[in-house]
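1. sequence-free structure coming up:
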């Protein structure tokens, strides 16, 4: 296990930083990285779990939903960083290139992230459910799925299935819809990784310009 390293801000700079627009943007970037890294770790932790339980299926679908929602916000935020960081080489080599990346273009041209963010993650609208129910062609609709007496083991699967149906569209079979979902998820994970990598590089350069030194603890 490696050494613990921390970067501390000198007390002499603290009061001035609240008026530094670059620092406020860096703090916001840190928040996006924290959120995306958390969701990514949650997804990767459960990805190889072969236990097809209500809890596991809920976990898989909802990490997908939240990756899409938060990533949409993060990519929109990254577009505005050029005003303050355009002279930073780390920005030009990293976050500035994101809009041209094939995975980001695929997600944005099809509004995959925007729809998820606006309809199912930060808002839960009625319209998508009403529309999905009109075309939901299943003879017997399963409303919930539960194993055991605990509330955490109850999965309201219909809500997520309708969200996916509206979001992905009707592709003729559950297998085809799962394939489309995986395609979107793969692009989202690639874009997420690029955002986090580019964000780390920009933060590192900002810290170095401020002459804040890492310390072993």
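-> All right, it came through fine. Predicted model, so just to flag it, every value in this text is computed and none were measured.

2. Just checking: what are the partner strands of the helix or strand bottoming out on mean pLDDT in the chain?
-> When the helices and strands of the chain are compared on mean pLDDT, DSSP states H and E, strand 214-216 comes out lowest with a mean of 77. Strand 214-216 sits in its sheet next to strand 5-7 (antiparallel), going by DSSP bridges.

3. Report the mean per-residue pLDDT for the strand it pairs with.
-> The average of the pLDDT scores along strand 5-7 is 86.

4. shaky segments in the protein?
-> Where the chain drops to pLDDT under 70, the residues are 1-2, 46-51, 136-140, 149-152, 169-174, 217.

5. pull the longest helix from it.
-> If you go by DSSP state H, the chain has its longest helix at helix 174-210.

6. Enumerate every residue touching residue 194.
-> Contact analysis of residue 194 by C-beta atoms under 8 Å, 6 or more residues apart in numbering lists 94, 98, 101, 103, 104. (Glycine included, C-beta is placed from N, CA and C.)

7. From residue 126, how far off is residue 159?
-> Using C-beta to C-beta, to the nearest Å, we find residue 159 at a distance of 12 Å from residue 126.

8. More neighbours: which of these two?
-> residue 159 (15 against 8; other C-beta atoms under 10 Å).

9. Quick check: closest non-adjacent residue to the more buried one.
-> Closest residue to residue 159 apart from its sequence neighbours, by C-beta to C-beta, 6 or more residues apart in numbering: residue 129 at 7.7 Å.

10. Does anything pack onto the helix or strand hosting that neighbour? Which helices or strands?
-> Using DSSP states H and E, residue 129 sits in helix 127-135. Here helix 127-135 touches helix 157-168, going by 3 or more C-beta pairs under 8 Å, 6 or more residues apart in numbering; DSSP states H and E.

11. quick one, the helix it packs on and helix 127-135 angle?
-> Between helix 157-168 and helix 127-135, the angle comes out at 90 degrees (axes from the mean of the first three to the mean of the last three C-alpha atoms, to 10 degrees).
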